[in-house]
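Colleague: sequence and predicted structure below; questions after.
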Amino acid sequence: MLRKCLFPVAGYGTRFLPATKVMPKEMLPILDKPLVQYGIEEAAEAGLNQICFVTGQAKRAIEDHFDRNMELDDHLAGTERANTLLSLNELITGCQFTYTRQAEQLGLGHAIKVGESLIGNEPFGVVLPDDFCIGNDVGVMSQLKSIFQEHQCTVIAVEEVPMDRTASYGIIHGHQISSSLYEVEKLVEKPAPESAPSNIAVIGRYILSPEVFGELATINKGVGGEYQLTDAISNLAQNSRVLALKFDGCRFDCGSLAGFVAATNYSFRCRFGTAPP
Ligand code: G1P
């Protein structure tokens, strides 16, 4: 039973300073909706409606965003903007939100390990909200869930990247078992192009078996002096099955200014049918 989704959101967002001095980077809007809300809608669409945040200092706005604001609802009632909070309020009532804090920023692997107290011993989704993903038919988490339901194992989302970009991603070593699916043998975090095992990169959507927590407990600090989720999944692949899905859709790296602007322009075109003026 897959019902929980973990959102690591403790990062400082230094690439977006000064905007992120007091505002969480996950609250930066693509058009009129915060980045993190897209991720939660994607999880909820896949039926993962128990939303678990690993949060940090200066992230309170996220908790407030996923709570009803009755005063604002009353203020909007009967006005032409009465419907603007409708879908968010539905999301809030349809999901349960729990929070824990990552007191020290020791990497993504550490953040996921901190989330163990919210997840327990069951498979779970992970969404990195910086990766803004648009599935062609259904969302990326729903696509991962279909593979999970068929194979009952860890599934990670991947996409091909230019070879000279491997040092920005977790990269898989594996073999293709169908047009969109790979059996993963190992993963390498941010390899230089000359040592990268492929150009198939991990993007920020995962369904993980709870065994990953045991692996996270044994890994050493890796690339960048941080505990890397990639290293734990790579160890997991030695003992159990890990599949990688080339998802159907597109993805923008909203951890970078260029990716953020591209995602904004793309979303504008989707909504208004024309490029922004
Ligand atoms: C993280 C992961 C990396 C993955 C990437 C996807 O890196 O460590 O394996 O490819 O997310 O966005 P980050 O972008 O946080 O450096």
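Modeller: Received, thanks.

Colleague: next, the buried residues of stretch 199-216.
Modeller: Neighbour counts using 16 or more other CB atoms under 10 Å place 199-209, 211-213, 215-216 of stretch 199-216 among the buried residues. Every residue, glycine included, has its C-beta placed from N, CA and C.

Colleague: which of these fall within strands?
Modeller: 200-208 (DSSP state E).

Colleague: pick out the residue of the stretch 151-277 of the chain closest to the ligand.
Modeller: Sorted by distance to the ligand under CB to the nearest ligand atom, the residues of the stretch 151-277 of the chain start with residue 170, at 2.6 Å.

Colleague: for that residue, give its distance to residue 1.
Modeller: Using CB to CB, to the nearest Å, we find residue 170 at a distance of 27 Å from residue 1.

Colleague: between these two, which one's more packed in?
Modeller: residue 170 (25 against 6; other CB atoms under 10 Å).

Colleague: all strands of the stretch 51-200 of the chain, in order?
Modeller: 96-101, 124-127, 131-135, 154-160, 170-176, 181-189, 200-208 (DSSP state E, counting those that start in this stretch).

Colleague: so which of those strands is nearest residue 46?
Modeller: When these are compared by CB to CB, strand 124-127 sits nearest residue 46, at 7.1 Å.

Colleague: before we move on, back to that, most tightly packed of the strands of the stretch 51-200 of the chain?
Modeller: strand 124-127 (a mean of 27; mean count of other CB atoms under 10 Å).

Colleague: that one - contacts with which helices or strands?
Modeller: The contact analysis (3 or more CB pairs under 8 Å, 6 or more residues apart in numbering; DSSP states H and E) places strand 124-127 against strand 4-8, helix 35-45, helix 140-151, strand 200-208.

Colleague: elements contacting the second one?
Modeller: If I follow you right, that is helix 35-45. strand 4-8, strand 50-55, helix 60-65, helix 86-94, strand 124-127, strand 131-135, helix 140-151.
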